[in-house]
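> Compute the structure for the input listed below.
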Amino acid sequence: MSGNTAGPARGWLALLCASRLLQSMIVTAYSGVLPFAMADWHMTAAQAGSIQSAWHVGYMSSLFAVGLLADRYGPQRIFFAGSAVSAAAALAFALFARDHLSAMLLYGLAGLCAGASYTPGLQLLAHNTEPAVRGRAMGLFIGSSSMGYALSLAVVATFSHLQHWRLGLLVAAGCTVAGALLTIQALRRMRPPSPPVPGSAREGTLHALAATVRDKPAMAGNWAYAFHCWELMALWAWLPAYLVASSGTAASWQGAGIALAALAHLVSVFGSIAGGAASDRLGRARVMMIATVASLCMSFAFGWMWSWPLWLLAAAAAVYNLLAIADSSVYSTALADVVAPHRLGVAFSVRSVMGFGAGALSPWVFGLALDWGQIRFGLGSTHAWVAAWSSAGLGALLGPLMIARFSRLHRAHMAAR
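Next up is the predicted model:
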């Protein structure tokens, strides 16, 4: 913690989480309209997945940049300015995407502008909370994201049934504007930035990057996070399409498929909060390991559930989402635990490149596996979806090994202090 003794004002965390909820709605807006855009724009599964991958490439880049900028100029400034730019980019995507190429470019741009509501937010949480309750606070913040993902899919499901799927995109983008406005009130209630220590020199970016790469506990946790993101981003990108495809061709059932995907995200809010709180009591590595192994089992089993009744498949999707998200906040908390505050932004930047780099590839690889499976086994085949969902599990298999390494190195680091 910083040496600043002035505490944050009441309500700062609620406002921060509300801002995050609204700004995160654009993240799943495309996955909610993916089956409809795929038909209207005559795209293959790989092309449809590449649009989501473009988001993750842009998001990864922005997370790296804003982490560096936040260390230099302060997370408060970057959080506010970046939120405004992100809202404008989200509106541009909703208004002007017309085909595969324009959607890929504009959604990639929206992702490129979206990182300011995440990495600086994590730094602000670390600055305004004590370690004993930091996991719960991180869980609430990540859970707010899941709530936004669920609300976005619910909006898309409603408008795809009543009006047109593009109107759902516009509503989701409009919510990012409201979220950007809420950042003003959230920042006013937070602990003031810590003044620089007299006589201390600012650490250069390259030096901080080198120190982070040499930090073995931090990098072990970052690698575990990368494998986690491979699985999670594929799940988020393709779950609505999977439920829509399983539901049949009737428009009402397709809308129900997206709504059930929203419900799965809503259930995962509990996973984020429970996982973060459990890590405060049971330890970061233990919670990460339990959640990772359980979600891996779901990745390899989920494709085989293709022919289940829709209500039962949706229940399994909710469990899958809950397990996959349960440790997301724990990775952030664990990194804040082991990295010095003055280079936490750089450490989050390195983690973001690794995690969202993996997450950028996995939706595209999932689409390639689905295309291959449909050619090999036929359209609507269970085996095609088994191949696709197995690609999510295969890319995350090394996660448990990295978690075990993080646990061992962290214990050695703490013993040496």
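
> what number of residues lie near the residue lying closest to Trp41 once chain neighbours are set aside?
Nearest residue to Trp41, sequence neighbours excluded (C-beta to C-beta, 6 or more residues apart in numbering): Asp99, at 5.1 Å. The C-beta positions use only the backbone N, C-alpha and C, and glycine is treated the same way. By other C-beta atoms under 10 Å, 13 other residues sit near Asp99.

> correct me, but Asp99 touches Asp40?
No: the pair Asp99 and Asp40 does not pass the contact test of C-beta atoms under 8 Å, sitting 9.1 Å apart.

> give me the low-pLDDT residue ranges for this structure?
Low-confidence segments of the chain (pLDDT under 70): 1-7, 193-204, 248-258, 413-417.

> Look through it and tell me its longest helix.
Scanning the chain for the helix with the most residues, using DSSP state H, yields helix 344-377.

> Tell me the buried residues in the strand or helix carrying Tyr59?
Counting by DSSP states H and E, the element that carries Tyr59 is helix 45-73. By 16 or more other C-beta atoms under 10 Å, the buried positions in helix 45-73 come out as 45-71.

> how about the nearest residue in space to Met43 that is not next to it in sequence, what does it touch?
Nearest non-adjacent residue to Met43, counting by C-beta to C-beta, 6+ apart: His100, 5.2 Å away. Taking C-beta atoms under 8 Å, 6 or more residues apart in numbering, we find His100 in contact with 41, 43, 47, 50-51.

> Can you tell me which of the residues you listed is closest to Phe300?
Ser50 (24.5 Å; C-beta to C-beta).

> Does that closest one touch Val365 like I think?
No: taking C-beta under 8 Å as the definition, Ser50 is not a contact partner of Val365, at 10.5 Å.

> quick one: the residue nearest to Met43 and Arg188, what's the gap?
The gap separating His100 from Arg188 is 43 Å, by C-beta to C-beta, to the nearest Å.

> just Leu109 next, same as before
30 Å.

> try Leu335
Counting by C-beta to C-beta - Leu335 and Arg188 are separated by 27 Å.

> For Ser83, see how far away the closest residue to Leu187 other than its chain neighbours is.
Closest residue to Leu187 apart from its sequence neighbours, by C-beta to C-beta, 6+ apart: Gln76 at 5.4 Å. Counting by C-beta to C-beta, the gap between Gln76 and Ser83 amounts to 11 Å.

> between those two, which one's more packed in?
Neighbours were counted for Gln76 and for Ser83 using other C-beta under 10 Å; Ser83 has more, 29 against 20.

> Let me know whether that one touches Gln23 as I believe.
Yes: when contacts are counted by C-beta under 8 Å, Ser83 is listed as touching Gln23 (6.3 Å).

> Pull up the overlap in contacts between those two.
By C-beta under 8 Å, 6+ apart, the residues touching both Ser83 and Gln23 are 117, 179-180.

> Between these, which sits nearest Ala278?
Ranked by distance to Ala278 (C-beta to C-beta), the shared contacts of Ser83 and Gln23 are led by Ser117 at 25.4 Å.

> hang on, isn't the closest one packed against Ser86?
Yes: taking contacts as C-beta under 8 Å, Ser117 lies within contact range of Ser86: 6.3 Å.
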